[in-house]
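**Q** Requesting a structural model of the entry that follows:
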Amino acid sequence: MIEEFHPRKTRLLVGHEKQLNIVKSAINNSKLHHSWIFEGPNGVGKATFAYSIANILLSSRKDNNKIHNQIYNNVHPDLKIIEDDSIVSKQGATSNIIPVSKVREIEDFFSKKASYAGWRVAIIDSLDKLNIYGLNALLKILEEPPKKSLILAIANRNSNTIPTLRSRCNMLRFSLLKKSDCEKILTNLIADLNIEIMNKLLILSEGSPGKAISIYENKGIEIYEKISELFLNLPNISMTSIENIHELIISKSGNEALNILRVLFTVFISRTYRRYFNIINDDINKYEKDAQLNCIDKMSMSNLSTLWENICDNINQTILFNLDKKQAVLEMVNELIKILKYKENYVLNINGK
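**A** Down below sits the predicted model:
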């Protein structure tokens, strides 16, 4: 089992030593810039890093535990957290856009004196969730930031780190973590995790412990096995495999499992390319190698790329417009049929594998 996880609830910062030294040096030399963007792949610990910096600035030797507990419970008077509320509607749609009104709260927050006569810190998680109005509001705040105020913004993609925003912030780039670091984090967060599941999570998450946690929480290992089964039987398209994938997707509320399907389909295609070029040595499950070799045999690599693009686009549209999940899974069949028609006949097997 895994306990409810939020970056502010952990004392454990693993990896990113270079980035930590850069920020600590700026603090120790009184040269800390008023705003930073922590940019890099999703799930590698950028938010955890931001809360660690907040802990350093807001703590003293006498009250470290007290400050950490306040941050843990999001009640510290000198810390402002700007994140989406992730409200799921009755229809299952998830709102993950941070409204501009929340961004504007930073200005009011910085206008007040620090409760402990020190720093005031605002964490934005993340820039990806700001629309144009939110970005403009943030730029206005950055024009004249008050003394001893700090904005730490998380960016999983660089699409929202527009040039004007970059020019006003210090950029700190984060990379995927080493396997040993990911293993340490997962061991700490997931109780009683056996070696077999650990190894599968490490392979599938590709250096992102956050991705590993999402895969674990959303039956991702099982979903990946069903994806492998689907490709193993080509040109026989098994509706049983499709139904199995759909059942796993709908077993979770919201769209996170559907998002995991997209992530894992991408992993499967990526590993198929690596298999094609003989630069892969491990197998995640008993079907994977044969499934990928069968995929290589039944499709050209260019068609495989088209298949990946079309299926991911369809899943993105399903998530964005809250469309029927089963239809999204059935579209995988339609895309497979298009590709297989190009090279040979296919068999649509309704009753069996």
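
**Q** outside of stretch 283-298, which residues touch it?
**A** 200, 203-204, 224-225, 228-235, 268, 271-272, 275-276, 304, 340, 343-344 (Cβ atoms under 8 Å, 6 or more residues apart in numbering). Backbone N, C-alpha and C define where each C-beta goes, glycine included.

**Q** Apply 7 Å and report the result again.
**A** Residues outside stretch 283-298 that contact it (Cβ atoms under 7 Å, 6 or more residues apart in numbering): 200, 203-204, 224-225, 228-229, 231-232, 234-235, 271-272, 275-276, 304, 340, 343.

**Q** do the same with stretch 116-123
**A** So stretch 116-123 is in contact with 50-51, 54, 57-58, 78-82, 106, 109-110, 114, 148-152, going by Cβ under 7 Å, 6+ apart.

**Q** for that stretch, how far is the first residue from the last?
**A** Start-to-end span of stretch 116-123 (Cα to Cα, to the nearest Å) is 18 Å.

**Q** can you map out the strands along this protein?
**A** 35-39, 79-83, 87-88, 94-95, 120-125, 149-155, 170-173, 236-238, 347-349 (DSSP state E).

**Q** Return the most buried member of the ones you listed.
**A** Ranked by average neighbour count under the criterion mean count of other Cβ atoms under 10 Å, the strands of the chain are headed by strand 120-125 at a mean of 25.

**Q** List the strands paired with it, with their directions.
**A** With DSSP bridges as the test, strand 120-125 is paired with strand 79-83 (parallel), strand 149-155 (parallel).

**Q** re the thing from before, narrow the contacts of stretch 283-298 to those that are buried.
**A** Neighbour-count burial (16 or more other Cβ atoms under 10 Å) applied to these gives 200, 203-204, 224-225, 228-229, 231-232, 234-235, 271-272, 275, 304, 340.

**Q** So for stretch 152-169, what gets flagged as buried?
**A** In terms of neighbour count (16+ other Cβ under 10 Å), stretch 152-169 has its buried residues at 152-156, 160-161, 165, 168-169.

**Q** from those, which is closest to D324?
**A** Of all the buried residues of stretch 152-169, D324 sits closest to N156, with 27.3 Å by Cβ to Cβ.

**Q** Next, the contact list for the closest residue in space to R104 that isn't next to it in sequence, please.
**A** Once flanking residues are discounted, R104 sits nearest to A137: 5.3 Å by Cβ to Cβ, 6 or more residues apart in numbering. Applying Cβ under 7 Å, 6+ apart, we find A137 in contact with 100, 103-104.
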